[in-house]
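> 3D model of this:
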Amino acid sequence: MNIPLQTPFENLSTMAVVFCTLSALFGVYFVLVAIAVWATYRRVGKAWNRLRAITVVLFLVLCAHYSARALTFARARIENPPADEEAAWTVPLVFLGALTSTLAACISDGLLAWRFYVIYGRTKLAMYLPALMVTITALLGLSGDFQQFTIYKSVDLYNNRFAMLTYDVNAAWGWCTFSVNTILTASIIGRIVWLARGANAHHAGGTGHRQYNVIVEAIVESALVTWFGLLFYEIASFAPTGHITTAFNIGYVMVCITPVYFGISQCLITARLALTTLDDTVSHGAPQFSSCYSTRGAVHAGARTRGSAMPGMTFKVPELEKSQLDSSDDSTLDASLKTASSSEEHGKAPGCAV
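Sure, this is the predicted structure:
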C-alpha cells in the first residue's frame, strides 16, 4: 500500500490548525450547550427531560472527541516517541476520534429525524424511513471505526488490507451522512416554506416579518449548520488524499472538526424549542388563535404571546395547565396536523404548537 507521508513538522502544523479550529468551534458549542440546558431545565415534563439528556450525552461525546484530538496534538509534539507509541496512543486515539464522530452524527441525525417525524405529522413513513437511514449510516460508521483494532492482530495485515478499506468505509460513511442530512434538511425546509406560503393567504399584513421568521425557523429546524459542515467535509474529501487520514491535509482537518457541527445544530434546535415556549404566557380569558405559522394544531386555549404580535413559525411544546404539567410526556410536544387542517377549513391560520 502506498500512502503518502509528510514530514513530522508538516504533520504537527496540520494538527495545530486542527486543534485551534476545533477549540474555537468547541467554545461556541459550549456556550450553546449552556443555553440549551438552562432553557430546558426551566421546562417540566418527560419530553424536556429527554431533550436535556440528549444535550448532555452529546456534550460528553464531543468532550471525548475534543480530548482525543488534543491528546493527538500533544503526542505529535514529542520529538522522540517511544517504540510502542502507535499501539499505546496512536491507534486508541484514532479509534476514539472516529467513534465519537460516528456517535455524534447518530445522535444529531436522530434528533433531526425526530423533527422530521414531528413536522410531517407523526406518520409511520415519517418515522421509519429516517430512522432506517440513520441506523444504516451509524452501522456503516461503526464498522469502519472498529476495523482500527485489526492492527493489534497483525500490523502487516492491517497495512496491506484493512487500512485503505477503513479509509474507504469512513469516506462512504461521510457521504451517507451527507446524503441523509441533505434529504432530511431539504424535506424540512420544503415543508416549512410550503406551509408558510399557505398561511400567508390568511394574513394581509406583516409579510416581511413572517418571511424573516420562516427563514430563521427553517435554518434551525433543518439543521442547516450541520449540512454546511458536511458539505465542506465532502468537498475536502476530493483532495488528492482527502479521504486518507494519515495524509494530514484538508480532509483530515474537516473530519476532525465536523462532529462539532452536529452538536451546534442539536443545541440550536433544543434551545429554540425551549426558549420559544418560554415566551408564551397563559391567560384565562377567551380562547385566542395566534397568527404564527404552524404545521400542527391550534394554540392552547387562552394562550397568548409576549412581545411581537406575530411570532414566527413555532414547532414547540404548547403551554399546559398547571395540573397537567406533572403528567406531560412526548404527546405534549406537538398537536396533530388534523387540527391545523381543520383550522384552515374554518378560515383560520394554523395555530402555534410546539
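
> please, which helix or strand holds the nearest residue to residue 271 once chain neighbours are set aside?
Nearest non-adjacent residue to residue 271, counting by C-beta to C-beta, 6 or more residues apart in numbering: residue 36, 4.3 Å away. For every residue, glycine as well, the C-beta is placed using N, CA and C. In this assignment (DSSP states H and E), residue 36 forms part of helix 8-41.

> next, the buried residues of that helix.
Using 16 or more other C-beta atoms under 10 Å as the test for burial, helix 8-41 gives 11, 14-15, 17-19, 22, 25-26, 29-30, 32-33, 35-37, 39-40.

> wait, is residue 238 part of a helix?
No: assessed with DSSP: H, G, I helix; E, B strand; the rest coil, residue 238 is coil; it does not lie in a helix.

> tell me, how many residues neighbour it?
10 (other C-beta atoms under 10 Å).

> which residues of the stretch 1-150 of the chain score low on pLDDT?
1-12 (pLDDT under 70).

> which residues in it form helices?
Secondary structure of the stretch 1-150 of the chain (DSSP state H, counting those that start in this stretch): helices at 8-41, 46-76, 85, 91-119, 124-146, 150-153.

> show me what the fifth one is packed against.
Which is helix 124-146. Identification of packing neighbours for helix 124-146 by 3 or more C-beta pairs under 8 Å, 6 or more residues apart in numbering; DSSP states H and E yields helix 91-119, helix 163-200.

> if we can go back for a sec, touching, the residue nearest to residue 271 and residue 272? I think so.
No: under the criterion of C-beta atoms under 8 Å, residue 36 makes no contact with residue 272, lying 9.1 Å away.

> for the residue nearest to residue 271, what are its contacts?
52, 55, 266, 267, 270, 271, 274 (C-beta atoms under 8 Å, 6 or more residues apart in numbering).

> ok, and the closest non-adjacent residue to residue 32?
Nearest-residue entry for residue 32: residue 267, 3.7 Å, with adjacent residues in sequence omitted and distances by C-beta to C-beta, 6+ apart.

> the one you found - that's part of a strand, no?
No: counting by three-state DSSP, residue 267 is not part of a strand but helix.

> looking at it, it is touching residue 34, isn't it?
No: assessed by C-beta under 8 Å, residue 267 is found out of contact with residue 34, at 9.1 Å.

> in TSV, list the helices and strands packed on helix 124-146 along with distance to residue 44 and mean neighbour count.
As requested, these are arranged in TSV below (distance: least, C-beta to C-beta, whole Å; neighbours: other C-beta atoms under 10 Å):
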stretch	distance to residue 44	mean neighbour count
helix 91-119	20	22
helix 163-200	27	19
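
> tabulate the ones you listed (CSV), appending distance to residue 260.
Shown next, in CSV, are those (distance: least, C-beta to C-beta, whole Å):
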stretch, distance to residue 260
helix 91-119, 8
helix 163-200, 14
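
> roughly how far does residue 19 sit from residue 237?
To residue 237, residue 19 is 21 Å away according to C-beta to C-beta, to the nearest Å.

> how much space separates the residue nearest to residue 32 from residue 94?
27 Å.

> what do you get for residue 150?
Taking C-beta to C-beta, one finds residue 150 at 13 Å from residue 94.

> residue 141 against residue 173, yeah?
Yes: between residue 141 and residue 173 there is a contact under C-beta under 8 Å: 4.2 Å.

> overlap in contacts of the two?
residue 102.

> about what we covered before: now do the shared contacts for residue 150 and residue 94.
Between them, residue 150 and residue 94 share no contacting residue, judged by C-beta under 8 Å, 6+ apart.
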